[in-house]
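Take this sequence and fold it.
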Amino acid sequence: MSFIDWIVLIVTLSFIIIYGIYRSRGKQNIDDYLIAGQSLPWYHVCFSVMATQASAITFLSAPGQGFADGMRFVQFYFGLPLAMVVLSITFVPIFHRLKVFTAYEFLETRFDGRVRIFTVILFLLSRGLSTGLSIYAPSIILATILGWDLTWTNVLMGSLVLIYTVTGGTKAISHTHLQQMLIVTVAMFVAGYMVVHLLPADIGFVDALKIAGKAGRLNTIDFHFDPNSRYNIWSGLIGGFFLQLSYFGTDQSQVGRYLTGESIGQSRLGLVLNGLLKIPMQFLILLVGVLVFVYYQYNPAPLFFNKVETDKLKNSQYAAAYLSLEEKHELAVSTQRTAVDGLAKALSSKDETSVTHWQEALKESDNTQKQLKKDAVDLIKKNNPTADTSDINYVFLRFVLDRLPIGLIGLLIAVIFSASMGSIAAAYNSLASTTVVDLYKRIYKTDASDHHYLTVTRISTIGWGVFCIFVAQYASKLGSMIEAVNILGSLFYGVILGIFLVAFYFKNIGGKATFWGSILAEIGVVLCWWFDIMAFLWLNVVGCILVIGFAWILRKLD
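Presented below is the predicted three-dimensional model:
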């Protein structure tokens, strides 16, 4: 990056940190630190919820997902609006009425301590692992740009967020979320505009969409029901509904955001608007990736987008073999350019015969390049068995660094960092609050002073930061980050949701049946995932149904 890009990056991130600390200044108690004294308006709730979910993984991996697989990932969010309605009707008024700090306090009131602690453990495990991924995603940026050691880059990224999280708590997080979402929204619109601007002069936005459609990248909705397909309208509406309902309804990183609302109405309004705004935002991010795909139809794309691994390969014993693959790749790119030019002219003249011909030629070129990339990945594995062989997370980053003008590079890197800071900060805060309220305060020290609990929460925040940084060291082996984080969530969220649904709607089922039913359900979910019985979104449905089913059966047998 240029000196100007570094200035833009540093100024943007510094402003977010300083602003968060400034807005949360003054004396704090545990109520202020964990739920901002329940004093925030609906727009704080809405954008804080969005920023918590929209991590760097969203802005780093999602464009790569759009580039490689098209728009169908957006179906993952189709169940979100319905989930927000259910949450607003059921979860929000209950949590507000009980005046809880965490969602899990309610479970002991409804069941017993065993159910509460088991659910807390599931949450801490899933959120701690997912936060490690959220740290790793932006660390790729610094490691790629500067050639820094990834371990120390993870330490830097994970530690940076602790500055205002430990100091300001939830209020600081909420205020920084507003700034982050503003920066993110503006920057992604600018990125989309720049991609189209860099296309040939005779190719506009509509032309780019037509080319992307013929190349199979605008496959937004798939009505075919297939439990083994990760993304179709059924997995999105049903599996996505269960995942989103569990995530927003039982994950403290989200519950803690809408518990800050100054009233039930403000929390409800914030959640409903989040449900309406999230799908368009995700659509835009994926569309940027699709436009990057079109850009690379007219311009040479790297054979493999992770430059770190290809540079290693060029200096290895496999250099000659890789050079041969690059030569074949250049020939495929030339064929691709001919095909896409022919397709654009055929679309302009509405010559359906030519459209079909050039569409098949483009598809053949795409398949050739995929095979060449597979061959390159095989070489990378031979040269470095521990290498990250998925380059989806590098596609957008590589485009930004190689193609965008000075200043805008720094802004988009800042977007990825600020998004990461938002989600990581909320995760740190939720992990610490759950640890202190549901474990430390309940089990170890039940009657300490408010100041004592505030101090322990800050210490716990630092402790979880260290744990998540440790997890980040192993995140590179999980492929697409945006898929990996949702797979991890799906292993636990369905079971957690099932526990809460039993609590809300099955009043005759007690704690003992729910506790053992949830353990059996979690075993069942893990087995379904281990043997790859279904796509991961359906694990949320299975987990939820198994908890309810096992708890009901055990209650009858008791």
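
Now do the contacts for residue 552.
506, 509, 513, 517 (C-beta atoms under 8 Å, 6 or more residues apart in numbering). For glycine as for every other residue, the C-beta is placed from the backbone atoms N, C-alpha and C.

where's the second one relative to residue 162, distance?
Using C-beta to C-beta, to the nearest Å, one gets 41 Å for the distance from residue 509 to residue 162.

if we can go back for a sec, out of the contacts of residue 552, who's the most crowded?
residue 517 (26 neighbours; other C-beta atoms under 10 Å).

okay but that residue is in contact with residue 551, surely?
Yes - the criterion here is C-beta atoms under 8 Å, and residue 517 meets it with residue 551 at 3.4 Å.

Could you tell me which residues touch both of these two?
Shared contacts of residue 517 and residue 551 (C-beta under 8 Å, 6+ apart): residue 502.

Residue 310 reaches residue 303, doesn't it?
Yes - counting by C-beta under 8 Å, residue 303 is a contact partner of residue 310 at 7.3 Å.

Settle it for me: which of these two has more neighbours?
residue 303 (21 against 18).

what's residue 287 in contact with, if anything?
Applying C-beta under 8 Å, 6+ apart to residue 287 gives the contacts 66, 71, 192.

measure it to residue 195 for me?
9 Å.

Likewise for residue 494?
Distance, residue 494 to residue 195, using C-beta to C-beta: 37 Å.

go on, residue 288?
Look at residue 288 and residue 195: by C-beta to C-beta, they are 7 Å apart.

quick one: which of the contacts of residue 287 is nearest to residue 534?
Set against residue 534, the nearest of the contacts of residue 287 by C-beta to C-beta is residue 71 (22.6 Å).

which secondary structure element contains the closest residue to the closest one other than its chain neighbours?
Of all residues not flanking residue 71 in the chain, residue 220 sits nearest, at 4.4 Å (C-beta to C-beta, 6 or more residues apart in numbering). If you go by DSSP states H and E, residue 220 is not part of any helix or strand.

residue contacts, residue 220?
So residue 220 contacts 70, 71, 72, 74, 75 (C-beta under 8 Å, 6+ apart).

one step back: write the ChimeraX selection for whichever of the contacts of residue 287 are buried.
Buried members of the contacts of residue 287, identified by 16 or more other C-beta atoms under 10 Å, are gathered into one ChimeraX selection as follows:
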select :66,71,192
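
So which of the contacts of residue 287 sit within strands?
Judged by DSSP state E, the subset of the contacts of residue 287 located in strands is empty.

pLDDT and distance to residue 98 added to the contacts of residue 287, as JSON lines?
Shown next, in JSON lines, are these (pLDDT from 0 to 100; distance: C-beta to C-beta, whole Å):
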{"residue": "66", "pLDDT": "88", "distance to residue 98": "41"}
{"residue": "71", "pLDDT": "88", "distance to residue 98": "41"}
{"residue": "192", "pLDDT": "89", "distance to residue 98": "44"}
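
CSV for the contacts of residue 287, including distance to residue 402?
As requested, the contacts of residue 287 are exported to CSV (distance: C-beta to C-beta, whole Å):
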residue, distance to residue 402
66, 18
71, 24
192, 17
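
Out of the contacts of residue 287, which is nearest to residue 430?
For the contacts of residue 287, the minimum distance to residue 430 (C-beta to C-beta) is 29.1 Å, reached by residue 66.

Count the neighbours of the nearest residue in space to that closest one that is not next to it in sequence for me.
Leaving aside its sequence neighbours, residue 66 sits nearest to residue 289 (C-beta to C-beta, 6+ apart; 2.6 Å). The number of residues packed near residue 289 is 27, by other C-beta under 10 Å.

re the thing from before, touching both of residue 310 and residue 303, which residues are there?
Contacts common to residue 310 and residue 303, judged by C-beta under 8 Å, 6+ apart, are residue 376.

doesn't residue 107 make contact with residue 119?
Yes - taking contacts as C-beta under 8 Å, residue 119 lies within contact range of residue 107: 5.8 Å.

shared neighbours of those two, anything?
Contacts common to residue 119 and residue 107, judged by C-beta under 8 Å, 6+ apart, are residue 499.

Which other helices and strands does the strand or helix carrying residue 325 contact?
Residue 325 is part of helix 319-349, with elements assigned from DSSP H and E. In this structure, helix 319-349 makes packing contacts with helix 205-214, helix 264-298, helix 307-314, helix 352-383, judged by 3 or more C-beta pairs under 8 Å, 6 or more residues apart in numbering; DSSP states H and E.

which secondary element of this structure has the worst mean pLDDT?
helix 30-35 (a mean of 72; mean pLDDT, DSSP states H and E).

Give me the residue ranges of the stretch 401-550 of the chain where confidence is low.
476-483, 485 (pLDDT under 70).

Show me the helices in it, by range?
Assigned by DSSP state H, counting those that start in this stretch, the helices in the stretch 401-550 of the chain fall at 408-434, 450-472, 481-505, 511-530, 537-557.

Return the most buried member of the ones you listed.
Mean neighbour count, computed with mean count of other C-beta atoms under 10 Å, is highest for helix 408-434 among those, reaching a mean of 26.

what sits up against stretch 14-21?
For stretch 14-21, using C-beta under 8 Å, 6+ apart, the contacting residues are 160, 163-164, 167-168, 172-173, 175-176, 179-180, 418, 421.

Keep only those of those residues that are in helices.
Among the contacts of stretch 14-21, the ones falling in helices (DSSP state H) are 160, 163-164, 167-168, 172-173, 175-176, 179-180, 418, 421.

My read is that residue 521 contacts residue 541, right?
No - Residue 521 is beyond contact range of residue 541, at 11.6 Å (criterion: C-beta under 8 Å).

overlap in contacts of the two?
Joint contacts of residue 521 and residue 541 (C-beta under 8 Å, 6+ apart) are residue 494.

on that earlier part again, could the helices of the stretch 401-550 of the chain go into CSV alongside distance to residue 298?
Listed next are these as CSV, based on distance: least, C-beta to C-beta, whole Å:
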stretch, distance to residue 298
helix 408-434, 20
helix 450-472, 36
helix 481-505, 26
helix 511-530, 41
helix 537-557, 35
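
what's the closest of the ones you listed to residue 293?
Ranking these by their distance to residue 293 (criterion: C-beta to C-beta) puts helix 481-505 first, at 16.5 Å.

other SSEs contacting that closest one?
If you count contacts as 3+ C-beta pairs under 8 Å, 6+ apart, helix 481-505 packs onto helix 56-69, helix 105-110, helix 113-146, helix 240-250, helix 511-530, helix 537-557.

Export those as TSV, with columns for distance to residue 19.
Below are these laid out as TSV (distance: least, C-beta to C-beta, whole Å):
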stretch	distance to residue 19
helix 56-69	19
helix 105-110	31
helix 113-146	19
helix 240-250	26
helix 511-530	41
helix 537-557	36
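
Quick check: residue 264 vs residue 85, distance?
Counting by C-beta to C-beta, the separation of residue 264 from residue 85 is 14 Å.

likewise residue 116?
27 Å.

Those two - which one has more neighbours?
Neighbour count, other C-beta under 10 Å: between residue 116 and residue 85, residue 116 has more, with 24 against 14.

who touches that one in this structure?
Counting by C-beta under 8 Å, 6+ apart, residue 116 makes contact with 104, 105, 107, 108, 438, 442.

Contacts only, for the first one.
I take that to be residue 104. Contacts of residue 104 by C-beta under 8 Å, 6+ apart are 116, 119, 120, 123, 252, 434, 438.
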